[in-house]
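# sequence and predicted structure, then a few things I'm wondering about:
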Amino acid sequence: MIPFLDMKARNTPLKEEYMKVIGEVIDSGDFSGGSYVEQFEQNFAKYCGSGHAVGVGSGTEALWLTMLAMGIGPGDEVITVPMSFVATAEAICQTGAKPVFVDIDEHTYTMDPNALEAVITPLTKAIIPVHLFGQVAEMDTIMGIARRHGILIIEDAAQAHGAEYKGRKAGSFGGAGCFSFYPGKNLGAFGEAGAVVTDDAELASRLRRLRNHGQSSKNRHSEIGWNCRMDGIQAAVLSLKIAHLDRENELRRNHARIYDKGFDAVEGLTSPEVGPRRTHVYHVYAIRVLNRPAICRRLEEKQIAFSVHYPVPIHLQEAFQKFGWKTGDFPVSEQCANEFISLPVFPEMTFDQASDILIELKAALTHGIAA
Ligand SMILES: *Cc1c(COP(=O)(O)O)cnc(C)c1O
């Protein structure tokens, strides 16, 4: 059995260290916000090359609270992609703004900048490019368009901790970058957590206020906020884990190179492409195949775990039907939704496991095409 992700292999080697630091949080009593969160915010801002980081309860909260802090709400439009985790569009809806989609590029699976300008209207307030699977979107072009129209950029970097574009880290390009530390992410907590990074000191301080009930000083609430604070235990664990992120991302890239080489010139399979001047961090290694059901059956038989990110694009989800999208509106996303298979690429995966997956997949492909 080859798992899709091995949480135990991930967390056991440093368990003693985690237990020690969790013990320290218990002794300090800094469970909600506090010194461990402040320390992690400094560590994470520095890592991303951003001026500020604001810890929150999840990646979804990071997206929602950022839009709130930017004054986005009813009557506004926010542009993003339909091929993402649902949270991206969901956060837009929860502010009261209307989500507007542009399709993804068929090579990088990130926002197609050529389709962007056509959907900008006088109501457009922000663009949320998603660094899908761990690859930064085409930021130069997207930022150029945004600047020309005076529109804000919020990066959904929930899958891209440490990914680079022209030597700069994901999250550091837009007005704000939103991260998730959900346990399975490249930088994962022991529960729910997220953060926003930004160079804008005013935005950072508004985010700090909003995440804590709009409190400006003790018992004084200057605006309506919410409880989006980060846990001290999560922050303490993340401060330990961040020291290992680059090494783990390098291991993911090693696995990806093994797959890339093995899949080179294999018919009926498209391996992921890395755009120019990018460093991919392979949160997900997604291949595309034409005959997915047959190939998935074969992988199941061989006890190789896989996943599909994402089998239903957001514009075709039941919850989004009220906006009136239909099949055919975003053809690249729809085709990818039918063809994607995510293969195991977790850092602790062994060379033998990657080789076995390669062999079985190639066999499945011949089998699948014949079937
Ligand atoms: C995981 C994820 C989110 C949401 O993060 P949570 O911490 O689970 O709320 C948002 N966007 C993308 C692209 C994600 O992968």
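Received, thanks.

# hmm, stretch 2-11 in reach of the ligand?
No - counting by CB under 6 Å from any ligand atom, the ligand has no neighbours in stretch 2-11; the shortest distance is 13.5 Å. For glycine as for every other residue, the C-beta is placed from the backbone atoms N, C-alpha and C.

# for the residue in the stretch 1-150 of the chain that the ligand sits nearest to, which non-adjacent residue is closest in space?
Taking CB to the nearest ligand atom as the measure, the stretch 1-150 of the chain has residue 59 as its residue closest to the ligand, at 2.4 Å. Here the nearest residue to residue 59 in space, its sequence neighbours aside, is residue 180; by CB to CB, 6 or more residues apart in numbering that works out to 2.5 Å.

# what of residue 1?
For residue 1, ignoring the flanking residues on the chain, the nearest one in space by CB to CB, 6+ apart is residue 303 at 4.5 Å.

# distance of that neighbour relative to residue 7?
18 Å (CB to CB, to the nearest Å).

# and for residue 62?
Noted for residue 62: a distance of 23 Å to residue 7, by CB to CB.

# those two: which is more packed in?
Neighbours around residue 62 and residue 7, counted as other CB atoms under 10 Å, are more numerous at residue 62. The numbers are 33 against 13.

# give the contact list for that one.
The neighbourhood of residue 62, defined by CB atoms under 8 Å, 6 or more residues apart in numbering, consists of 56, 158, 178, 179, 180, 194, 195, 196.

# ok, residue 271 next?
The neighbours of residue 271, taking CB under 8 Å, 6+ apart as the test, are 259, 260, 263, 264, 287.

# reformat the residues you listed as CSV; add neighbour count, pLDDT and distance to residue 123.
Compiled in CSV, the contacts of residue 271 are given as follows (neighbours: other CB atoms under 10 Å; pLDDT from 0 to 100; distance: CB to CB, whole Å):
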residue, neighbour count, pLDDT, distance to residue 123
259, 21, 97, 43
260, 15, 97, 42
263, 18, 93, 43
264, 9, 90, 46
287, 21, 98, 38
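
# what's in contact with stretch 350-361?
By CB under 8 Å, 6+ apart, the residues outside stretch 350-361 that reach it are 2, 255, 258-259, 262-263, 269, 287, 295, 298-299, 302, 304, 343-344.

# between the two ends of stretch 69-79, how far is it?
With CA to CA, to the nearest Å as the measure, stretch 69-79 spans 17 Å from end to end.

# you'd agree residue 299 is up against residue 307?
No - proximity of residue 299 to residue 307 does not meet the contact threshold set by CB atoms under 8 Å, at 10.7 Å.

# how long is stretch 323-341 end to end?
28 Å.

# how far is that stretch from where the chain is centred?
Relative to its parent chain, stretch 323-341 has a centroid offset of 19 Å by CA atoms, centre = their mean, to the nearest Å.

# is there proximity between it and the ligand?
No - under the criterion of CB under 6 Å from any ligand atom, the ligand is not reached by stretch 323-341; the shortest gap measures 13.6 Å.

# buried set for that stretch?
By neighbour count, with 16 or more other CB atoms under 10 Å as the criterion, the buried positions of stretch 323-341 are 325, 330, 332, 333, 334, 336, 337, 338, 339, 340, 341.

# so residue 364 sits right up against residue 299, yeah?
Yes - the pair residue 364 and residue 299 passes the contact test of CB under 8 Å, sitting 6.2 Å apart.

# between the contacts of residue 271, which is nearest residue 238?
residue 259 (28.5 Å; CB to CB).

# which of the helices or strands spans the closest one?
Remark: residue 259 resides in helix 245-263, with elements defined by DSSP states H and E.

# so what's the residue count around the residue of the stretch 251-371 of the chain found nearest the ligand?
Closest contact between the stretch 251-371 of the chain and the ligand, by CB to the nearest ligand atom, is at residue 283 (7.4 Å). In terms of burial, residue 283 registers 26 neighbours under the definition other CB under 10 Å.

# swap in residue 145?
For residue 145, the tally of surrounding residues (other CB under 10 Å) stands at 16.
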